[in-house]
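*Asks:* Predicted model follows, preceded by the sequence.
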Amino acid sequence: MNRTVTLDKVRNIGIMAHIDAGKTTCTERILYYTGRTHKLGETHDGSATMDFMPEERERGITIQSAATTCVWHENMINIIDTPGHVDFTVEVERSLRILDGAIGLFCAVGGVEPQSETVWHQATKYNVPRICFVNKMDRTGADFFAVVEQIHDVLGANAVPVCIPMDQGPDFHGIIDLVKMCQVRYVEDPKGTYPVDEPLAEDYRDYAEKWRKYLIEAAAELDDTLMDKYLSDEPIEESELIAAVRQGTHQQKIFPVLCGTAFRNKGIRRLLNAVVDYLPSPLDLPAATGTLPDGSTAERPADDNAPTTALAFKVVSDNAVGKLVYVRVYSGKLESGTYIYNSTKKKQQRIGRIFRMHANHQEIIDTLFAGEIGALVGLADTVTGDTLCTEDAPIALENISFPTPVISIAVTPKSHADRDKLMIALGKLAEEDPTFTVRVDPETEDTVISGMGELHLDIILTRLKREFKVEVVSGAPEVAYRETIGKKYSHEERLKKQTGGHGQFAHILFDIEPQEPGAGYEFVNEVKGGDIPKEYIPAIEKGFKEAMEAGPKCGCPCVDFKITLTDGSFHPVDSSEMAFRACAVAGFKTAFAKADPVLLEPIMKLTVSTPEEYAGSITGNLCGLRGQVQGMEKVGRNQQIHALVPLSNLFGYTSILRNMTQGRAGFNMEFAYDAPVPAAIAEKVVEERRKQRAAQGK
């Protein structure tokens, strides 16, 4: 099978923004104008193509990123529509990891909102070139130039308009294209809204010249030929200006800004043109870099004839076809019916079928070429972050990092017969979502699920009932506390049991010491001279990992410490893997308890956007919640308050804020770091956990 378009005409883009900025509405218009759909879907009435989950249609929000492909002026555009709610930031994270470009969507009234800032910095982390689209220009209070200024000031980005509005607010009826220097008036008739390019009216001449000069100056700084022409007052061709802005966009030195209103079908065609003109194809970006088995690095260019290299960035359980693995192909090609090597798992797997996705609909294709995005069936052992490659040219691409879950609840099936169904369902959901985890509490034997927020877990419970037909009883949300240590401690543990016949013997010496916050767990083996045979070392580490799942203070997972195995001994008859594993478990519990165990709680970065008259009350309330106000700034017409607040005090904050501000304020929060719980509060937490266990009779 041959390519349908050449690689230079492929665009892999995402649409990202704060919740309710209009991402899905914008995507629906793109699909309509490219001929991918023949009816406009709307989020408010549950008919949006990209919001296909029942939970998305009921709530009017995007929960899962959805992929689709469309064609515009002979260019293939692969689009991923991402969620705006912070609880589902994992969908943005893994999408940006594999995209070549993105559209940053901003509300013309709200401007740079909290989640806009979060996703912008995520895109910066992955070096994703961006263009900006100021949406909802028809709303009362819309201010295009205030949003451009916020992109400059709040995001630190060189926002350069390539289109400007002729009018703003309810009078918005057209834009001025600064590249073509024409005005675009939108005409509405029973068949739809159509743009009409017209010569620039004299009333707009000075206004347009001012902003075109700004655009040319920004582009000329990156192009010597353009600079010479500009300084010599020579006319600048449209193609020259597009090429210079394109170069600046790829280097992330320029972020072109357009405007329109997706709901009113204005500005979308210009946005599609900008995607083609300014955002990069796979050929415009550096080759993918990975690690070879010997530890050295290598590049994989975007070339169909290069060794195959692809990254699995998303896993979905589909009722019709089973497990779908979404992949981005960086080099070579993937063909249905062939074998591919998973270098992360070191396993060869057979590709059953290949799909080009359109939301939840699949189009069967034979081949995925370099630079393309699709979904594979048949890769049972592949999970998010795995690298797929040619077996005789193995390589491992950089994995995707995900935030740690911060909130937990215990779940129990209503029917004992559903217990197995529950564990299978939770396993599938955890495979789909790396920020959703499942564990069994070793003391209470409760099944505990953890996620990024109350909404995240609420969606999980809804999906259990709706998709997997499992009814569960859930407890109240709990903070995902963790435990660490405050000092280094050296410990010797000896296990010696004689039960008739072969006994059990194991002897280990190790140091346990604290590490920097966020460093996680590290195991180092410094045993020399065969005092402990090598085959027992993995069993010792396994014992430590098993024990660290429940710390001594209140049974929470243990983090941020290092264990160094220094010495030990064995018995030629009575020693075994089981004995050394049990010895490590007992030794860890004793050593951790003597190394000044500390209870940690998640601290959330909270951003509240509020009318100015409520700012004082909100900051006072945050201080009462053990919050630390980091600063305030005026963004648009509102004040933004930035604070660090313990998650334990933020349950129900939506209602608190609504009551304080008559529903006029909103907030966004994301995990910042784990911090020690104050001693008095830690005692209460530990006591409550003990009472819970006692009440359960465990």
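*Replies:* Thanks, I have it. Numbers count the residues shown, from 1 in each chain.

*Asks:* From now on I want contacts and neighbour counts done on CA atoms only, so please keep to that.
*Replies:* OK.

*Asks:* can you give me the mean pLDDT across the lengthiest strand in the chain?
*Replies:* Determined from DSSP state E, the single longest strand within the chain is strand 597-610. Strand 597-610 shows a mean pLDDT of 90 in the predicted model.

*Asks:* How far does that strand sit from its chain's centre?
*Replies:* Relative to its chain's centre, strand 597-610 lies at 19 Å (Cα atoms, centre = their mean, to the nearest Å).

*Asks:* strand partners of it, parallel vs antiparallel please.
*Replies:* If you go by DSSP bridges, strand 597-610 pairs up with strand 482-485 (antiparallel), strand 638-646 (antiparallel), strand 666-676 (antiparallel).

*Asks:* Residues contacting the following helix or strand past that strand, please?
*Replies:* Going down the chain from strand 597-610, the next helix or strand is helix 615-624, by DSSP states H and E. Applying Cα atoms under 8 Å, 6 or more residues apart in numbering, the contact partners of helix 615-624 are Gln628, Val629, Gln639, Ile641, Ala643, Val645, Leu657, Met660.

*Asks:* Now do the buried residues in helix 615-624.
*Replies:* Across helix 615-624, burial judged by 16 or more other Cα atoms under 10 Å covers Ala615, Ile618, Thr619, Leu622.

*Asks:* Pick the most deeply packed of the strands paired with strand 597-610.
*Replies:* strand 482-485 (a mean of 26; mean count of other Cα atoms under 10 Å).

*Asks:* quick one on the thing from earlier: angle of the longest strand of the chain against helix 615-624?
*Replies:* Interaxial angle, strand 597-610 versus helix 615-624 (axes from the mean of the first three to the mean of the last three Cα atoms, to 10 degrees): 170 degrees.

*Asks:* Please pull out the lowest mean pLDDT helix or strand from this protein.
*Replies:* helix 54-59 (a mean of 54; mean pLDDT, DSSP states H and E).

*Asks:* quick one, helices of the stretch 401-550 of the chain?
*Replies:* 419-432, 454-466, 537-547 (DSSP state H, counting those that start in this stretch).

*Asks:* Among the contacts of helix 615-624, which one lies nearest to Asp224?
*Replies:* Gln639 (41.9 Å; Cα to Cα).

*Asks:* What's the first helix or strand after the least confident helix or strand of the chain?
*Replies:* Next helix or strand after helix 54-59 toward the C-terminus (DSSP H and E): strand 66-72.

*Asks:* Quick check: buried residues in that next one?
*Replies:* Buried residues in strand 66-72, counted by 16+ other Cα under 10 Å: Ala66, Ala67, Thr68, Thr69, Cys70, Val71, Trp72.

*Asks:* The fifth one and Ile80 touch, don't they?
*Replies:* No: applying Cα atoms under 8 Å, one finds Cys70 not in contact with Ile80, separated by 11.3 Å.

*Asks:* send the alpha carbons of the helix or strand containing Ile364 over as PDB?
*Replies:* Using DSSP H and E, Ile364 sits within strand 361-365. The C-alpha atoms that make up strand 361-365 are tabulated as PDB, following Å, rounded to 0.1, in the frame of the first residue of the first chain:
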ATOM      1  CA  HIS A 361     -15.200   4.700  14.800                       C
ATOM      2  CA  GLN A 362     -12.500   2.700  13.100                       C
ATOM      3  CA  GLU A 363     -11.400   2.700   9.500                       C
ATOM      4  CA  ILE A 364      -9.400  -0.400   8.600                       C
ATOM      5  CA  ILE A 365      -6.100   0.200   6.800                       C
END
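
*Asks:* other SSEs contacting that strand?
*Replies:* strand 353-358 (3 or more Cα pairs under 8 Å, 6 or more residues apart in numbering; DSSP states H and E).

*Asks:* Each with direction, which strands does the strand it packs on pair with?
*Replies:* By DSSP bridges, strand 353-358 pairs with strand 361-365 (antiparallel), strand 373-377 (antiparallel).

*Asks:* and those, which one is worst for confidence?
*Replies:* strand 361-365 (a mean of 87).
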